[in-house]
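Visitor: Build me a structure from this.
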Amino acid sequence: MILLIGGLGNVGRNLETYFKRTTDQEVFVLGRKPEHIVKKLYPDTNYIEQDLLNDGNWELENILTIMTPT
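Guide: Model (predicted):
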């Protein structure tokens, strides 16, 4: 799994495309924008809505644990 933090800008979108093309890893973008808006703009993007500045790492750890196959 590759996690791009704050990756919705030009650099992040280019990195997402590059990693999807060149690796067999799932690519996820982490950001603060509402997920329903991001999904309308970028329907093929695996997006996690999370504000690390306010929520800290604990919530992110819970989300990644749920998403990781056992």
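Visitor: where does the chain dip in pLDDT?
Guide: 52-70 (pLDDT under 70).
Visitor: how about the helices of the protein, start to end?
Guide: Assigned by DSSP state H, the helices in the chain fall at 10-22, 35-41, 52-55, 57-67.
Visitor: wait, what's in contact with residue 46?
Guide: Residues counted as contacts of residue 46 (Cβ atoms under 8 Å, 6 or more residues apart in numbering) are 26-29. Every residue, glycine included, has its C-beta placed from N, CA and C.
Visitor: ok, for the residue nearest the centre of the chain, nearest residue in space, not its chain neighbours?
Guide: Using Cα atoms, centre = their mean, the residue of the chain that lies closest to the mean C-alpha position is residue 29, 1.8 Å off. Sequence neighbours aside, residue 7 is the residue nearest to residue 29 in space, at 4.3 Å (criterion: Cβ to Cβ, 6 or more residues apart in numbering).
Visitor: Would you confirm that that neighbour contacts residue 16?
Guide: Yes: the pair formed by residue 7 and residue 16 meets the contact definition of Cβ atoms under 8 Å, at 6.1 Å.
Visitor: what residues are shared contacts of the two?
Guide: Looking at what touches both residue 7 and residue 16 (by Cβ under 8 Å, 6+ apart), the common residues are residue 29.
Visitor: count of residues packed around the closest residue to residue 19 other than its chain neighbours?
Guide: Taking Cβ to Cβ, 6+ apart, and ignoring the residues beside it in sequence, residue 19 has residue 27 as its nearest neighbour in space, at 4.8 Å. Residues lying near residue 27 (other Cβ atoms under 10 Å) number 19.
Visitor: One more: residue 42?
Guide: Neighbourhood size, residue 42 [other Cβ under 10 Å]: 14.
Visitor: ok, it - contacts?
Guide: Under the criterion of Cβ under 8 Å, 6+ apart, the contact list for residue 42 reads 8, 13.
Visitor: Tell me how far it lies from residue 13.
Guide: Summarising the geometry, the distance separating residue 42 from residue 13, computed by Cβ to Cβ, to the nearest Å, is 8 Å.
Visitor: go on, residue 7?
Guide: Residue 7 is 7 Å from residue 13, by Cβ to Cβ.
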